[in-house]
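Q: sequence first, then the predicted structure, then my questions.
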Amino acid sequence: MTRVLYPGSFDPITKGHMNVIKQASDLFDEVIVAVLQNSSKKTGLFTIEERLEIIKELYKEVNNIKAVSGSGAAVDIAMLYKCRAIVRGLRGLSDYDYEVSLNYINKDISNGEVNTICLFADKDYQFISSSVVKEVFNLDKDISKYVDPLVKEKMLIKKRGI
């Protein structure tokens, strides 16, 4: 069985993330979606537990996609779950430069056991990021094109403080 890890903060998970997850699930036997804390950001819209529950709900009927949470290096989580590779989504050249350097570090840390696989979201999702979705949402604009209806509902509940 070929298992891969797709790590991210997923705050919130976007249609771009979901597109990459779908591609990975079509290519590999199992995709482990790892919800991680972005160390460069102090707080998020959702807690890690809330993000994990949203992803589990989105994929509850898909047998080869599992959601987990973790802390630390994504490569350590990949090794913990016996993943052969880490899947990364690319939006442009700046993502590529970052991912190349991260690939070398991850291969070194894992003694060559964990590779990096880069996938591109479909063109309709290339520009979407969690940060942009939150910014548009905070401006009271419609985010339906960028997130699943479940995610939009959870964001609205969060905004109302319910």
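A: That came in fine, so what should we check first?

Q: lowest-scoring secondary structure element of this protein by mean pLDDT?
A: Every helix and strand in the chain was compared by mean pLDDT, DSSP states H and E; the lowest is helix 93-109, with a mean of 88.

Q: now for it, which elements pack on it?
A: Other helices and strands packing on helix 93-109, by 3 or more Cβ pairs under 8 Å, 6 or more residues apart in numbering; DSSP states H and E, are helix 74-80, strand 85-90, strand 115-120. Where C-beta positions appear, they are placed from N, C-alpha and C, glycine not excepted.

Q: just the buried residues of it, please?
A: For helix 93-109, the neighbour count (16 or more other Cβ atoms under 10 Å) marks 99, 103, 106, 109 as buried.

Q: and for S130, the neighbour number?
A: Neighbour count of S130, defined by other Cβ atoms under 10 Å: 21.

Q: tell me the one of the buried residues of helix 93-109 nearest K145?
A: E99 (25.7 Å; Cβ to Cβ).

Q: right, and that closest one touches L119 too?
A: No - E99 lies out of contact with L119 (Cβ atoms under 8 Å); the separation is 10.9 Å.

Q: need the overlap of contacts for those two.
A: Common neighbours of E99 and L119, using Cβ atoms under 8 Å, 6 or more residues apart in numbering, are 88, 90.

Q: okay, the helices and strands packed on helix 93-109, which one's buried deepest?
A: strand 85-90 (a mean of 22; mean count of other Cβ atoms under 10 Å).

Q: strands paired with that one, and their directions?
A: strand 3-8 (parallel), strand 115-120 (parallel) (DSSP bridges).
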